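1. Kindly generate the corresponding structure for this input.
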Amino acid sequence: MFLRNIQLQREKVTSFSTYPFSIPAIHQLNGIELNKPVTFFIGENGTGKSTLLEAIADKCDFNTAGGGRNNVYDVDASESALGEYIRLAWLPKVTNGFFLRAESFYHFATHLDQIETGALEPYRAYGGKSLHHQSHGESFLSLFLNRFNGGAIYLLDEPEAALSPNRQFTFLRILHDLTKKGDCQFIIATHSPILLGYPDATILSFDNGKIEQVKYEETDHYRVTKYFLQHREKFLEELFAEEE
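-> Model prediction:
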């Protein structure tokens with residue numbers, strides 16, 4: 001374990017009525033204790049999970065458009081609005097890692113193409129070829145399999161975005177292999193009920209205006225998916241009846 005605690009420095013905030021402090025879960029944030037190698041952030045869109053994950057990336061000096069400490073490029077609207085207002089407590093402090101931002105991964109792949117020109121071993125850490133020359137899902141797995149290793153913290157924003165269900169299971173195996181030695185930490189914002197099933201992970205919900213730990217079976221991701229699979233016809237009948 002590396003990152004132990006996340007604190008909002010409330011004394012620095014001049015107004016809790018402006019973004020991002022107007023987001024209920026951020027507004028109520030004091031501190032979060034992390035005590036597991038894998039922590040999931042969950043919640044509806046707009047509840048602040050990606051905002052906090054991006055702020056952690058900013059404090060780690062990772063590129064908030066996606067990448068590590070040495071990936072320097074710009075993407076519009078990728079600056080962290082929260083980064084300067086949080087404090088991270090480490091034991092020990094690590095500088096290795098990566099921030100995956102699914103929505104700007106295309107720009108990261110383009111950035112790699114630009115810096116790999118003329119390299120002796122182009123794309124060695126990304127499967128041996130341009131990420132643009134792989135399918136979206138293949139490029140994500142190439143990143144996980146080749147770029148990720150021990151002694152690091154990884155911040156992933158919706159890694160399931162490019163992964164089929166079977167590829168999500170592959171990712172779970174990668175997650176297991178990387179964390180079993182005890183020298184990797186993952187914080188993952190996700191909507192995937194498959195990823196959330198990872199054993200012995202902490203799940204933090206940003207719903208209901210606060211950040212609180214929940215069990216897997218208590219998440220809407222589990223309950224809604226389970227109900228849909230067990231009662232698909234009834235579910236769809238009720239869904240479409242609402243439109244009439």
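2. which residues in this protein form helices?
-> 24-27, 49-59, 105-116, 136-142, 165-179, 220-230, 232-241 (DSSP state H).
3. Next, the buried residues of the fourth one.
-> For helix 136-142, the neighbour count (16 or more other C-beta atoms under 10 Å) marks Gly137, Glu138, Ser139, Phe140, Leu141, Ser142 as buried. (C-beta placed from N, C-alpha, C; glycine too.)
4. packing partners for that helix?
-> On a contact count with 3 or more C-beta pairs under 8 Å, 6 or more residues apart in numbering; DSSP states H and E, helix 136-142 meets helix 105-116, helix 165-179.
5. pLDDT on that helix, on average?
-> In this model, helix 136-142 has an average pLDDT of 77.
6. swap in stretch 88-105?
-> 85.
7. Among the helices of the chain, which comes closest to Ala65?
-> The closest of those to Ala65 is helix 105-116. By C-beta to C-beta, the value is 6.2 Å.
8. Quickly list what the nearest residue to Lys36 once chain neighbours are set aside is bridged to.
-> Take Lys36 and drop its neighbours on the chain: the residue closest to it by C-beta to C-beta, 6 or more residues apart in numbering is Thr202, 4.5 Å away. On the basis of DSSP bridges, Thr202 is bridged to Thr39.
9. Check the contact between Thr202 and Glu33; I expect there is one.
-> No. Thr202 lies out of contact with Glu33 (C-beta atoms under 8 Å); the separation is 9.2 Å.
10. the more surrounded of the two?
-> Remark: of Thr202 and Glu33, Thr202 carries more neighbours, 17 against 10, as counted by other C-beta atoms under 10 Å.
11. picking that back up, out of the buried residues of helix 136-142, flag the one nearest to Leu196.
-> If you rank those by distance to Leu196 using C-beta to C-beta, Phe140 comes first, at 17.7 Å.
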